[in-house]
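>>> when you get a sec, could you give me coordinates for this:
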Amino acid sequence: MIVRIMGEGQWRLADDKLEALNAVDGDLEKAVSSGDETAYQSAFAALLDFVRSGEQVPDTELHDSDAILPPSDSSLAEMRELISGDGLIAG
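Predicted structure coming up:
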């Protein structure tokens, strides 16, 4: 799976990481739904850190992204507009 963080680049995550990625994304969705700023900041940072733990794709390689995450400085209000009932990561 290829995940892009806007403004940073792309990371490749092994298929066996998808379940854990969805769990972290679910935590973010819950924090956004509750409107809890502290929980949102923590959950979004955890999601970004999880993605960054993958293998960074060199800028010289072009790949379609399976998921695109907003920049790390996105606000709770901005995230609320982006998240559907399934979080940011489909699946």
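>>> the residue sitting furthest away from the middle of the chain in helix, strand or coil?
Distance from the centre of the chain peaks at residue 60, with 22.3 Å (C-alpha atoms, centre = their mean). The three-state label given to residue 60 by DSSP: H, G, I helix; E, B strand; the rest coil is coil.
>>> what does it show for phi and psi?
Phi and psi for residue 60, reported as degrees, to the nearest 10, are phi -80, psi -10.
>>> quick one: residues contacting it.
For residue 60, the contact set (C-beta atoms under 8 Å, 6 or more residues apart in numbering) is empty. Every residue, glycine included, has its C-beta placed from N, CA and C.
>>> OK, contacts around residue 65?
Neighbouring residues of residue 65 by C-beta under 8 Å, 6+ apart: 2-4, 10.
>>> quick check: pLDDT value at it.
What the model reports as pLDDT for residue 65 is 94.
>>> check the gap between the residue farthest from the centre of the chain and residue 70 for me.
24 Å (C-beta to C-beta, to the nearest Å).
>>> and if you look at residue 56?
18 Å.
>>> comparing the two, which residue is more hemmed in?
It is residue 70, of residue 56 and residue 70, that has more neighbours when counted by other C-beta atoms under 10 Å, with 18 against 12.
>>> buried residues, the helix-or-strand element of the chain with minimal mean pLDDT. List them.
The weakest-scoring helix or strand in the chain, judged by mean pLDDT, DSSP states H and E, is helix 76-82 (a mean of 89). By 16 or more other C-beta atoms under 10 Å, the buried positions in helix 76-82 come out as 76, 79.
>>> do stretch 35-44 as well
39-40, 43-44.
>>> keeping just the C-alphas, turn it into PDB.
Only the C-alpha atoms of stretch 35-44 are listed here, as PDB (Å, rounded to 0.1, in the frame of the first residue of the first chain):
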ATOM      1  CA  GLY A  35     -14.500  17.000  18.900                       C
ATOM      2  CA  ASP A  36     -11.700  16.500  21.400                       C
ATOM      3  CA  GLU A  37      -8.800  18.600  20.300                       C
ATOM      4  CA  THR A  38      -6.200  16.800  22.500                       C
ATOM      5  CA  ALA A  39      -7.300  13.400  21.400                       C
ATOM      6  CA  TYR A  40      -7.300  14.600  17.800                       C
ATOM      7  CA  GLN A  41      -3.800  15.900  18.000                       C
ATOM      8  CA  SER A  42      -2.600  12.600  19.600                       C
ATOM      9  CA  ALA A  43      -4.400  10.400  17.100                       C
ATOM     10  CA  PHE A  44      -3.400  12.300  14.000                       C
END
